[in-house]
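K.L.:
For reference, the sequence and a predicted model appear below.
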Amino acid sequence: RDYSYLTVFLSYVWSFHLWLEGHPEVSFEDDQRVQRHLGPLLEAEPRLEGFFGGYRDRVTSEAADRATALVAHLEASEERYRALVDTAGDAIVSADADGRIISFNRAAEYMFGWRAADALGQPLTILMPERFHDDHEAGLRRYVETTEGKLVGSTIELAGSRREGGEFPLEISLAAWRSSGKQFFTGVLRDITERKRVEAELREATERFTGAFTNAAIGIALVSPDGRFLSVNDSLCSIVGYDRDDLIAKTFQDITHPEDLEADLELVGQVLAGEIETYDMEKRYFHADGHVVWILLSVSLVRDDQGEPVHFVAQIQDITARKQAEEELRSSEQRFRALASAAPVGIFEIDAAGDGVYVNERWCELAGRSAQDAYGKGWVDAVYPADRERVFASWSEVARRGDELALEYRFLRPNGVVVWVSGRAVAVLA
């Protein structure tokens, strides 16, 4: 037998079978390429018609099965798409080239107050304030004609309009797509009313902080965790004598007196470790011209949402004048103590509450008591009992008038000896 025709036929069948495997949408019977190639072979070998017909029926059946499966797959995809769109948290709206709504999900119903059944077929302009209608329609025509538009492919903020009235801010991401040669648009919209409110509050808070920071009577600085000055106000620049740019180029370590730096860094470490939240300390800065400036430093730490340090907020008050006054007072006190100790007369001091706060050695000799015995109300025991009421009344009058008093009275020593003294009292007004 001559099987050469069968070999040729099978090669044709196999090649078309492979081609059909890759093109399940093609009908075997309608494909002109199949008919064009197999037609001459079938005319030359009529005996193959029956064989070919059986193969064709099998392939046609497989193609039909594939088509059915494809339709089922598309229907399932469509259901998944609709479920996704309907459960989306953002509004999703689609429209045709004329700007008519063809899809309107549940989130869009909630956002705009339109039922999907009422919105379908309506122009997109029902979702926007009237002042934007003309621009919208012009932009839509331009894109359909030229495929050029500012909104397609981008995310921008616009104003939306609810069915019952009232505007609200929204964010829209717009996409254009084609199907069956027709143009369509889909927008994903988000109501950003709450975000705008938070942004406004943040902006207002920032403006208040900036105003307070800039115009504060005390020095304020934002300082990085490693000590670099990030931002400083005019008051701090005035305290340390540096220009803003010069100060920002430094660290707080650069201008802190070496004797105060270790204690400051220890407190900084405790704040960073979360052991303490804030700290206050008195320390010294070096002024730009070299002299020492005493400051009262108050420090707190700002952390991010993950608890990581962002920057310190440092409040700095110039206390140089107070420190100088305290030093002068200390020196004056020391001079007074030295003078009083060497004085040949008894000297004692009581406060506004009548408590003894100081006596010199000569007073102790006259009263026959130690300085420790005289502190508080102990000095009262040194006054002779019969003289106490008169002495107290006289001293109270001096304190009330703020003047001086000369008075003679007696001390009663613990050993019973009475000593007459001439006292002179002077009220010291704070």
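P.N.:
Sure, I can see it.
K.L.:
mind listing the helices for the stretch 301-430 of the chain?
P.N.:
Counting by DSSP state H, counting those that start in this stretch, the segments of the stretch 301-430 of the chain that form helices are 320-342, 361-367, 371-374, 385-401.
K.L.:
buried sites along the shortest one?
P.N.:
Meaning helix 371-374. The neighbour-count check on helix 371-374 (16 or more other C-beta atoms under 10 Å) flags 371, 373, 374 as buried. In short, each C-beta sits where N, CA and C put it, glycine included.
K.L.:
Adding distance to residue 428 and mean pLDDT, write the helices of the stretch 301-430 of the chain out as JSON lines.
P.N.:
Below are those laid out as JSON lines (distance: least, C-beta to C-beta, whole Å; pLDDT from 0 to 100):
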{"stretch": "helix 320-342", "distance to residue 428": "11", "mean pLDDT": "84"}
{"stretch": "helix 361-367", "distance to residue 428": "17", "mean pLDDT": "91"}
{"stretch": "helix 371-374", "distance to residue 428": "18", "mean pLDDT": "91"}
{"stretch": "helix 385-401", "distance to residue 428": "10", "mean pLDDT": "84"}
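K.L.:
Adding distance to residue 245, write those out as a markdown table.
P.N.:
Below are the helices of the stretch 301-430 of the chain laid out as a markdown table (distance: least, C-beta to C-beta, whole Å):
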| stretch | distance to residue 245 |
| --- | --- |
| helix 320-342 | 24 |
| helix 361-367 | 60 |
| helix 371-374 | 58 |
| helix 385-401 | 57 |
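K.L.:
Identify whichever of those helices lies nearest to residue 415.
P.N.:
Comparison of these against residue 415 by C-beta to C-beta identifies helix 361-367 as nearest, at 11.5 Å.
K.L.:
List of residues touching that closest one?
P.N.:
Helix 361-367 has contacts (C-beta atoms under 8 Å, 6 or more residues apart in numbering) with 341, 343-348, 359, 370-371, 374, 379, 382, 411, 413, 419, 421.
K.L.:
what's the answer for stretch 219-235, then?
P.N.:
Counting by C-beta under 8 Å, 6+ apart, residues outside stretch 219-235 touching it are 213-218, 236-240, 244, 247-248, 250-253, 268, 272, 295, 309, 311-318.
K.L.:
Which entries within the residues you listed meet the buried criterion?
P.N.:
For the contacts of stretch 219-235, buried by 16+ other C-beta under 10 Å: 213, 236-237, 239-240, 247, 252, 268, 295, 311-318.
K.L.:
In strands only, show me those residues.
P.N.:
295, 311, 312, 313, 314, 315, 316, 317, 318 (DSSP state E).
K.L.:
Surely residue 263 is in contact with residue 281?
P.N.:
Yes. Taking C-beta atoms under 8 Å as the definition, residue 263 is a contact partner of residue 281 at 6.7 Å.
K.L.:
what about residue 244, distance to residue 211?
P.N.:
17 Å (C-beta to C-beta, to the nearest Å).
K.L.:
related to what we said a few turns ago, between the ones in strands among the buried ones among the contacts of stretch 219-235, which is nearest residue 170?
P.N.:
residue 311 (35.0 Å).
K.L.:
so what's the residue lying closest to that closest one once chain neighbours are set aside bridging to?
P.N.:
Nearest residue to residue 311, sequence neighbours excluded (C-beta to C-beta, 6 or more residues apart in numbering): residue 222, at 4.9 Å. Here residue 222 sits in beta bridges with residue 231, residue 313, going by DSSP bridges.
K.L.:
Walking through the stretch 101-250 of the chain, point out its helices one by one.
P.N.:
Counting by DSSP H, counting those that start in this stretch, the helices of the stretch 101-250 of the chain are 106-112, 116-119, 133-146, 193-215, 234-240, 244-248.
K.L.:
between those helices, which gets nearest to residue 98?
P.N.:
Of all the helices of the stretch 101-250 of the chain, helix 133-146 comes closest under C-beta to C-beta, at 8.2 Å.
K.L.:
and for the closest one, what are the contacting residues?
P.N.:
97, 99, 124, 125, 128, 148, 149, 150, 151, 152, 176, 183.
K.L.:
for stretch 187-194, same thing?
P.N.:
So stretch 187-194 is contacted by 88, 90-95, 108, 111, 157, 160, 168-175 (C-beta under 8 Å, 6+ apart).
K.L.:
Show me which positions of it end up buried.
P.N.:
Buried, per 16+ other C-beta under 10 Å, within stretch 187-194: 187, 188, 189, 190, 191, 192.
K.L.:
what sits against residue 95?
P.N.:
Neighbours of residue 95 in contact, by C-beta under 8 Å, 6+ apart: 101, 102, 124, 184, 185, 186, 187.
K.L.:
gap between stretch 258-269 and the chain center?
P.N.:
How far stretch 258-269 lies from its chain's middle: 28 Å, per C-alpha atoms, centre = their mean, to the nearest Å.
K.L.:
which residues touch it?
P.N.:
In contact with stretch 258-269 (C-beta under 8 Å, 6+ apart) are residues 227, 252, 253, 256, 276, 279, 281, 283, 284, 297, 299, 312.
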